[in-house]
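In: need the 3D shape of this:
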Amino acid sequence: MARYTGPKTKIARKFKEPIYGADKYFEKKNYPPGQHGLNKRRSKLSEYGLQLLEKQKTKYTYGILERQFKKTFKKAQSKKGVTGDNLMKFLESRIDNVVYRLGIAPTRAAARQLVTHRHILLNGKICNIPSAMLVPGDIVAVRERSKVLEVITNSLSGKSNPYSWLEWDSALMSGKFMNYPEREEIPENINEQAIVELYSK
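Out: Numbering: from 1, shown residues only. Below is the predicted model of the structure:
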């Protein structure tokens, strides 16, 4: 199961955003990576370059490689509505992302690991496919024997659910995917229109 395993702070510095969450090293070196760092003179990016950068940022944010991202984009394109909005909705409906949004895992990478290691149930059955897409009404829960895992209990402690499209039951350690989120509800700083324009070339 392919995934990015390289240095995360370097990627965050490339996009000038802490896309992997709080990072003390990113705060210390909040400038592009490379030998010359702040002193390197960078030429202005072309329109294509900016669009490509936006696509890469989205892929790294959600932990998806090119083949799967393109497949998700084609699905968004074939669905009625605005392609960019559909793309964001599909990315948000991945089970690894929902596990992260519910607070079961502290990061998307940790959520992906919980799913692949069979700690998560989807509608009462074990789901070990991080890319599985949810539909409204689906229930995501922590497996009974996994409820004592330190990574899960630590992540859930003192956390509330700020997302209107998700419903969390702390007693059962389960959440319901109520509906696809509207674009304005998704907090990620992504220009999805640039990605649509890139694939339209």
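In: and the strands in this protein?
Out: Assigned by DSSP state E, the chain shows strands spanning 120-122, 125-126, 139-142, 166-169, 174-177.
In: what's the closest of these to Glu185?
Out: Glu185 sits nearest to strand 166-169 of all the strands of the chain, at 10.4 Å, using CB to CB. Yep, even glycine has a C-beta here, placed from its N, CA and C like the rest.
In: and the closest one, what does it pack onto?
Out: When contacts are defined as 3 or more CB pairs under 8 Å, 6 or more residues apart in numbering; DSSP states H and E, strand 166-169 packs onto strand 174-177.
In: ok, residues contacting the strand it packs on?
Out: 93, 98, 102, 104, 121, 134-142, 161, 165-169 (CB atoms under 8 Å, 6 or more residues apart in numbering).
In: apply 6 Å and report the result again.
Out: For strand 174-177, the external contacting residues (CB atoms under 6 Å, 6 or more residues apart in numbering) are 102, 134, 138-141, 166-168.
In: any chance of the strands of the chain in CSV, plus mean neighbour count?
Out: As requested, those are arranged in CSV below (neighbours: other CB atoms under 10 Å):
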stretch, mean neighbour count
strand 120-122, 21
strand 125-126, 8
strand 139-142, 21
strand 166-169, 16
strand 174-177, 21
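In: how about the ones you listed in CSV, adding distance to Asn86 and mean pLDDT?
Out: Shown next, in CSV, are the strands of the chain (distance: least, CB to CB, whole Å; pLDDT from 0 to 100):
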stretch, distance to Asn86, mean pLDDT
strand 120-122, 22, 98
strand 125-126, 27, 97
strand 139-142, 21, 98
strand 166-169, 19, 95
strand 174-177, 16, 97
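In: thanks a lot, see you next time.
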